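Peer 1: I would like the atomic coordinates for the input below:
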Amino acid sequence: MSPSGTPPAREVASLCGVSSRPGAVRGVPSGTPGEIDYRLARAARLAEFRSGNLTVLDVCDAQPELLRNAERASKPTRRRCPVCTKRNLVIVTYVFGPRLPPSGRCITAPGELTELSRRRGEHAAYEVEVCKGCRWNHLVRTYLLQVS
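Peer 2: Numbers count the residues shown, from 1 in each chain. Model (predicted):
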């Protein structure tokens, strides 16, 4: 963590062996340079749950603030929740960087990522998938915001 309390995206990227080169913001396609994808960690967590090593309470633990943001500021998906299979998941995006709150800024409008990418300093976006029913949540991916 940096002194401001924000997670340094370059440190996260280097720990995972991923390049932190800038990528385009518009649409932020999968495979963006500097992207860290957490599908393997997600699959491992779900395998632990399905094998009985983790309970529903262990994997369905979204905090109240995350659930509020999932209700008010999320992007719907067509993917079903892997735990309850009753509801579709939503994506909540947070951005961390200079002159933002230590807890990050929840993205609430489509143009906000582009707007934040134009600011000075390095900004990192974190996408979290959430089930508003059973409270499953998992970090999906992180990427650097920089306009190309």
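
Peer 1: Assumed residue 102 was part of a strand.
Peer 2: No. Counting by DSSP: H, G, I helix; E, B strand; the rest coil, residue 102 is not found in a strand; it is coil.

Peer 1: Near it, how many other residues are there?
Peer 2: Neighbours of residue 102 under the rule other CB atoms under 10 Å: 10. Glycine gets a C-beta too; all of them are placed from N, C-alpha and C.

Peer 1: and it, backbone torsions?
Peer 2: phi -60, psi -30 (degrees, to the nearest 10).

Peer 1: Would you point out which residue is most central in the chain?
Peer 2: Geometric centre of the chain, nearest residue: residue 127, 1.9 Å, by CA atoms, centre = their mean.

Peer 1: Figure out the helix or strand that it lives in.
Peer 2: Taking DSSP states H and E as the criterion, residue 127 maps to strand 123-130.

Peer 1: going on from that strand, what's the next piece of helix or strand?
Peer 2: Using DSSP H and E, the next helix or strand after strand 123-130 towards the C-terminus is strand 137-145.

Peer 1: Now do that next one, average pLDDT.
Peer 2: For strand 137-145, mean pLDDT is 95.

Peer 1: Please apply the same query to stretch 111-119.
Peer 2: 90.

Peer 1: so how far is it from its chain's centroid?
Peer 2: 16 Å (CA atoms, centre = their mean, to the nearest Å).

Peer 1: Tell me the buried residues in it?
Peer 2: 112, 113, 116, 117 (16 or more other CB atoms under 10 Å).
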